[in-house]
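K.L.:
Sharing a model that was predicted from the sequence below.
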Amino acid sequence: MPARAEIQQEIESTRNSAQDTIRRRFLHDLAEYTGRDTIIYMSGFTSIKSSMLPPTLQSITVEDIQGFMAALNGLKRKELDLIIHSPGGSLEAADQIVQYLRSKYDHIRAIIPQNAMSAATMISCACDEIVMGKQSAIGPIDPQITLPGPHGQFTAPAQSILDDFEKAKSSILEDPRTAPLWITRINSLPPGILNICNNTIANSKTKVAEWLDKYMFKGTAEKKGKEIAEWLGSASEHKTHGRPIGITLADSKGLIVKALEDDQDLQDKVLSVFHASAVTLDVTPVVKFIENHIDKGWFLDVEIQQQQAAMPNKPIQPTRWPRA
């Protein structure tokens, strides 16, 4: 397996669309080795330009359905390897992606070369099995809520908002003089936020439990979906939404996970695809893409430097386009 530096050197030493040619070569090799349809869902959230981009451009959104439609075009097999690298995103988008993929495939294997967090973890739980390396991580599924703040929008765990309300009630009962402080704080939150938080938490756990029992644990006597979903969705258990859950912990909690290192050839081919995809995100305007092993996919481009230099106050305008 060539190292990432070697792949980058090969790309930089050639011209035109070398990154496409090299990345696709590795995708072809992987699909030929496994005999399965192969799709990579790759976000640039760990790329060198990530900090210059709005998180929504790098997250799972409903728009990604168009990407999966493009990437499934021409695929005929009933088994899929989904290589996924994503920080997560919309629960509703993840739900729609799962419905679409499961309508097409009898068996789906989620392959996580580095990180599949939050809603990406949820998608992985809708697969029949998860393949992880020693370096790989999934993450908690406790929902995050974006709220207006004095300095712009901020994101907080839904459970922490509920906990604050409970803390407010206890504090006011113990000392009514604290009421004005809590009222000011609570009034800054949108109406109906308690119902939104409760419903979102319940929905994320319910969906993951349902998917686990329907797909990962199908044909087994013991259904572990609810127990695993409760654990993945426990904000008090994980403390932080970005907690990396490695293969050993995931396996100990009952998820069906296989070690990427168990098949050295598979590991080499998967990591070659991943490294070539990471280089693509570093050396091109692409910030997210979904691509299959027969050269069809969907790409989200952003010209960061041009936007900043020529029009520093103008919002970034991404370009979305299929590539084949």
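P.N.:
Arrived safely.
K.L.:
so who does the residue nearest to Thr240 when sequence neighbours are not counted touch?
P.N.:
For Thr240, ignoring the flanking residues on the chain, the nearest one in space by CB to CB, 6 or more residues apart in numbering is Pro140 at 7.9 Å. C-beta: built from backbone N, CA, C; applies to glycine. Shown in contact with Pro140 (CB atoms under 8 Å, 6 or more residues apart in numbering): 118, 121, 232-235, 237-238, 240-241, 243, 245.
K.L.:
Pro140 and Gln114: what is the separation?
P.N.:
Distance of Pro140 to Gln114, given as CB to CB, to the nearest Å: 17 Å.
K.L.:
which of the contacts of Pro140 are the two that sit furthest away from each other?
P.N.:
Farthest pair in those (CB to CB) is Ser118 and Glu237. Separation: 15.0 Å.
K.L.:
Among the two, which residue is more densely surrounded?
P.N.:
Neighbours per residue, other CB atoms under 10 Å: of Ser118 and Glu237, the larger number sits with Ser118, 28 against 12.
K.L.:
so what's that one up against?
P.N.:
So Ser118 contacts 87-89, 139-141, 144, 241 (CB under 8 Å, 6+ apart).
K.L.:
Repeat the analysis, applying 6 Å as the threshold.
P.N.:
By CB atoms under 6 Å, 6 or more residues apart in numbering, the residues touching Ser118 are 88, 139.
K.L.:
same deal with the one 3 residues further on?
P.N.:
If you count contacts by CB under 6 Å, 6+ apart, Thr121 has them with 138-139, 141.
K.L.:
Under a three-state scheme, what state does it occupy?
P.N.:
helix (DSSP: H, G, I helix; E, B strand; the rest coil).
K.L.:
how much space between it and Arg36?
P.N.:
For Thr121, the distance to Arg36 (CB to CB) stands at 22 Å.
K.L.:
repeat for Gln96
P.N.:
Distance from Gln96 to Arg36, by CB to CB: 23 Å.
K.L.:
The two: which is more packed in?
P.N.:
Set side by side, Gln96 and Arg36 give different neighbour counts by other CB under 10 Å, the larger being at Arg36 (21 against 16).
K.L.:
separation between the nearest residue to that one once chain neighbours are set aside and Ile39?
P.N.:
In space, Arg36 comes closest to Glu79 once its chain neighbours are excluded; the distance is 4.4 Å by CB to CB, 6+ apart. Separation of Glu79 from Ile39 (CB to CB): 12 Å.
K.L.:
Who has more neighbours out of the two?
P.N.:
Ile39 (26 against 15).
K.L.:
quick one: that one is in a helix?
P.N.:
No - read with three-state DSSP, Ile39 is strand and lies in no helix.
K.L.:
tell me the contacts of it?
P.N.:
Contacts for Ile39 (CB under 6 Å, 6+ apart) come out as 71, 82, 292.
K.L.:
Quick one: residues contacting Ser59.
P.N.:
Ser59 neighbours (CB under 6 Å, 6+ apart): Gly89.
K.L.:
likewise Thr34?
P.N.:
Per CB under 6 Å, 6+ apart, neighbours of Thr34: Asp81.
K.L.:
Swap in 10 Å and give it another go.
P.N.:
77, 79-81, 109, 111, 263, 265-266, 269-270, 293 (CB atoms under 10 Å, 6 or more residues apart in numbering).
K.L.:
just Pro55 next, same as before
P.N.:
45, 87-89, 146, 155.
K.L.:
By neighbours, which of those wins?
P.N.:
The most neighbours of any of the contacts of Pro55, using other CB under 10 Å, belong to Gly88, which has 30 neighbours.
K.L.:
Great, nothing more from me.
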